[in-house]
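# fold the stuff below for me.
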Amino acid sequence: MTQPDNDIDARIAEARKKYEAERAKRTQEHRGSPELVGDLGHYVEDPYTEVKPRPPVHDKVDVALIGAGFAGLLAAAELRKAGVQKIRLIDTAGDVGGVWYWNRYPECKCDVESLIYLPLLEETGYIPTTRYAPAPEIGEHARRIARHFSLYEHALFHTGVKELAWDDKLDLWHVRTDRGDDFLARFVSLCLGPLSKVKLPDIPGVETFKGHAFHTSRWDYNYTGGGPTNPKLDKLADKSVGFIGTGATGLQCVAPLAESSRQFYLFQRTPSTVGRRDNGPIDPEPVKKFPPGWQRRRMENFTAVNFGKPVEEDLIKDGWTRLFADLVSSPRYKGLQGEALARERERVDFEKMEEIRRRIDEIVTNPETAEKLKPYYRYMCKRAGWHDEYLAAFNLPNCTLVDTDGRGVERITESGIVVAGKEYKLDCLIYGTGFETETLGKLRTGIDIVGRNGQPLTEHWGKGLRTLHGLLVSGFPNLFIVPGLQGQAVVTTNVIHLTSEIAEHIGYIVRTVLENGLDSFELTPEAEEAWVRTILARRVDNTEFYKACTPGRYNYEGDINARPLQNTTFGGGPFEYFGLLAEWRESGNLPGLALRKDKLPVTLPEHPHRHVKKEETDASEFSSMV
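Numbers count the residues shown, from 1 in each chain. Next up is the predicted model:
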């Protein structure tokens, strides 16, 4: 039975007070920042693949792709389709895969359906085994893509780029690495992705711990026992293990650690939302009968449901689409505007969060532990979490939730962790604290990219991001910066959908340059400025919403005003953004780019078969200009 409106309103008012109290705890006591802790040392060494000696490389390639995760692999696949021959992948890892090379922790899986998360399934003829594929399977699929498109021949692994500078005389990029390589590249694409740089918590004493410590992206199976396909961590049977981090990684690691350790402690600053994952096997026979183009259609359907675009049928029917169907496009919003719409959205949000909190009570037997695991904030303050075994792990007698009441760990000592004055003795400390997502330029890449006339990218972005589509930068010819390193593109729940669209765009630009015998392209300052104005004009102002959230990566650890306004994403949503890219390509003449051939400016004619009408996309100052 539906409760009376006044009762719901009273409960929402109480929840609002609780949310504010929880936010205040974390804001007042938070000592850290979204920046990285100094030297990461052994925390970033590769425990999986031996670093083998090789001679330095001194040659010239058509395209250098810095980063060999799915962003680099998708770009390389599109470049191969465009006829590019000498493609070089460069990565600090020992193979392709990006985050799926590094993330091999127990029970690691994707949280977006495998059929739309693993890219290029149709091209490679692969069907995932389960709805949410495990990390080893995803890593193998990355290698499958590299083999399919012949990307290993010129690849450089266990290699970090240290210098990247444009040569005005040669119209080429100089690429220098930490292994003595010094080569030239006609085009360069930074494909480092949002999950590429290890993050440690800013806690006093991190460097003092004398037990065994590692980051989840460098899991030490030699110490824990088990393996990426074996979650029985038998070497921990006599160990006291502590874990910091309650995001997606923590949700997956906790159960195998609790089941394997003599004593397990989870140190919690803020609990996550934990919905049902409902993983299971994929029947390959129906997939084999899907018509060509099924993966793109399935991606688009998923994104449409998540962003409130009407569809005939939800093809995915998972936690994400159910969540967004309620939060974004509930029929309860029909006809509402302004404050009435805001009130109804808050009600829907409250009801969803109450579901999450009730589920905790249903699973966790200790009422005190259950209460500490309950998240008190609006649903989309943090990325939604999904897991079927996480909550039940806290019913094990050796599994202890150490809730810091929002204040975080007090300090780390030689022998353990101190919370509220109490020390917890540990043999092993594991950081499940994820990856750095907010810093830009050299802080993020380790490279101070130098463009035309010796201008560093950090200087160009000194007052905020300046790009076209989040991809091209004025003063940096023949360079792509794949979104994930910064804003000014768009957000999608399934990052592979965005990455696929961007890869297609990169392939188109390079193919057009090559087919027309051009030497270089370079974004004009006017087109860059127009896109910055578009970003500001179309910006969705969620400041008040995120100010009310507990600190996290969505609100710059509670300091929402620390990010320049133009360092945001395109506010028109994924389909309008993809439409702008398609319209730009349809012109056929690379609008907004200065083109050169034999050192002279060149103008390409507009595509003679262009039929895109201005009214087909949302008109903006940018689209009318370029």
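# just the CA trace of the top strand by length along the chain, in CSV.
When the chain is parsed with DSSP state E, its longest strand is strand 182-190. Output of strand 182-190 as CSV, limited to C-alpha atoms (Å, rounded to 0.1, in the frame of the first residue of the first chain):
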residue,chain,number,x,y,z
ASP,A,182,63.6,8.1,-29.9
PHE,A,183,61.3,7.8,-32.9
LEU,A,184,59.1,9.9,-35.1
ALA,A,185,55.3,9.6,-35.6
ARG,A,186,53.1,11.4,-38.1
PHE,A,187,50.0,11.2,-35.8
VAL,A,188,49.8,10.7,-32.1
SER,A,189,46.8,9.7,-30.0
LEU,A,190,46.8,9.7,-26.2
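# partner strands of that strand and their direction?
Sheet pairing of strand 182-190 (DSSP bridges) gives strand 60-66 (parallel), strand 172-177 (antiparallel), strand 479-481 (parallel).
# could you point out the helix or strand that follows it?
Next helix or strand after strand 182-190 toward the C-terminus (DSSP states H and E): strand 212-215.
# which pLDDT does the model give the closest residue to T92 other than its chain neighbours?
Setting aside the residues directly before and after it, T92 is nearest to G160 in space (CB to CB, 6 or more residues apart in numbering), at 4.9 Å. In this view, the C-beta of every residue, glycine as well, is placed from N, C-alpha and C. G160 carries a pLDDT value of 94.
# below-threshold pLDDT in the stretch 501-626 of the chain: ranges please.
553-556, 558-562, 607-626 (pLDDT under 70).
# on that earlier part again, now the longest strand of the chain: buried residues?
F183, A185, R186, F187, V188, S189, L190 (16 or more other CB atoms under 10 Å).
# most widely separated two among these?
Largest separation among the buried residues of strand 182-190 by CB to CB: F183 and L190, giving 16.4 Å.
# doesn't F267 fall inside a helix?
No: F267 is assigned strand when assessed by DSSP: H, G, I helix; E, B strand; the rest coil, not a helix.
# OK, contacts around it?
Going by CB atoms under 8 Å, 6 or more residues apart in numbering, F267 touches G242, F243, I244, V402, T404, V409, I417, V419.
# how much space separates it from P231?
If you measure F267 against P231 using CB to CB, to the nearest Å, the figure is 21 Å.
# quick revisit: next, the contact list for the residue nearest to T92, please.
T92, T177, D178, G446.
# thought the first one was touching H158?
Read it as T92. Yes: between T92 and H158 a contact is recorded at 6.6 Å, counting by CB atoms under 8 Å.
# quick one, which of those two is more surrounded?
Using other CB atoms under 10 Å, the more surrounded residue of T92 and H158 is T92, with 23 against 17.
# show me how this structure divides into domains.
Domain ranges of the chain: 5-30+204-277+338-431, 60-197+437-625, per automatic domain parsing.
# would you list the ones you listed in a markdown table and tack on distance to N301?
Listed next are those as a markdown table, based on distance: least, CB to CB, whole Å:
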| stretch | distance to N301 |
| --- | --- |
| domain 5-30+204-277+338-431 | 19 |
| domain 60-197+437-625 | 9 |
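# and the ones you listed, which one is worst for confidence?
Taking the mean pLDDT of the domains of the chain, domain 60-197+437-625 comes last: a mean of 88.
# so how far is that domain off the chain centroid?
Centroid displacement of domain 60-197+437-625 relative to its chain, using CA atoms, centre = their mean, to the nearest Å, is 13 Å.
# ok, now stretch 208-218?
24 Å.
# now the end-to-end length of that stretch.
19 Å (CA to CA, to the nearest Å).
# which residues are in contact with stretch 250-259?
105-109, 216, 226, 231-233, 236, 241, 243, 264, 266, 272, 274, 385-387, 389-390, 392-394, 396, 398-399, 430, 432.
# just the buried ones among these, please.
105-109, 216, 226, 231, 233, 236, 241, 243, 264, 266, 272, 274, 385-387, 389-390, 392-394, 399, 430, 432.
# need the buried residues of strand 182-190 in JSON lines (columns: distance to A537).
Listed next are the buried residues of strand 182-190 as JSON lines, based on distance: CB to CB, whole Å:
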{"residue": "F183", "distance to A537": "41"}
{"residue": "A185", "distance to A537": "35"}
{"residue": "R186", "distance to A537": "35"}
{"residue": "F187", "distance to A537": "31"}
{"residue": "V188", "distance to A537": "30"}
{"residue": "S189", "distance to A537": "28"}
{"residue": "L190", "distance to A537": "27"}
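# where does the nearest residue to C381 once chain neighbours are set aside land in three-state SS?
In this structure, C381 finds its nearest non-sequential neighbour in C549, 3.5 Å apart by CB to CB, 6+ apart. For C549, the assignment made with three-state DSSP gives coil.
# look up phi and psi at C549.
Main-chain torsions, C549, degrees, to the nearest 10: phi -80, psi 150.
# what's the first-to-last distance across stretch 144-164?
29 Å.
# what are the buried residues along that stretch?
Of all the residues in stretch 144-164, those buried under the rule 16+ other CB under 10 Å are 144-146, 148-149, 151, 154-159, 161, 164.
# out of those residues, which sit inside helices?
R144, I145, A146, H148 (DSSP state H).
# name the helix or strand for the closest residue to G406 other than its chain neighbours, please.
With sequence-adjacent residues excluded and distances taken as CB to CB, 6+ apart, G406 is closest to K25, at 3.5 Å. Assessed by DSSP H and E, K25 sits inside helix 5-29.
# distance from the chain centre to that helix, please.
On CA atoms, centre = their mean, the centre of helix 5-29 falls 29 Å from that of its chain.
# mind listing the strands for the stretch 301-450 of the chain?
Along the stretch 301-450 of the chain, the segments classed as strands by DSSP state E, counting those that start in this stretch run 385-386, 399-403, 411-412, 416-419, 422-425, 428-431.
# got CSV for those, with distance to I316 too?
As requested, the strands of the stretch 301-450 of the chain are exported to CSV (distance: least, CB to CB, whole Å):
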stretch, distance to I316
strand 385-386, 13
strand 399-403, 32
strand 411-412, 42
strand 416-419, 40
strand 422-425, 41
strand 428-431, 32
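# packing partners of the helix or strand hosting F545?
If you go by DSSP H and E, F545 is part of helix 543-547. Where contact means 3 or more CB pairs under 8 Å, 6 or more residues apart in numbering; DSSP states H and E, helix 543-547 is not packed against any helix or strand.
# how about that helix: buried residues?
F545, Y546.
# next SSE downstream of that helix?
helix 574-587.
# show me what that next one is packed up against.
Against helix 574-587 (3+ CB pairs under 8 Å, 6+ apart) you get helix 294-306, helix 495-515, helix 621-625.
# avg pLDDT for the first one?
By that I understand helix 294-306. 97.
# begin at 730, not 1, for the rest of this chat.
All set: I'll call the first residue 730, so the last point we hit is now helix 1023-1035.
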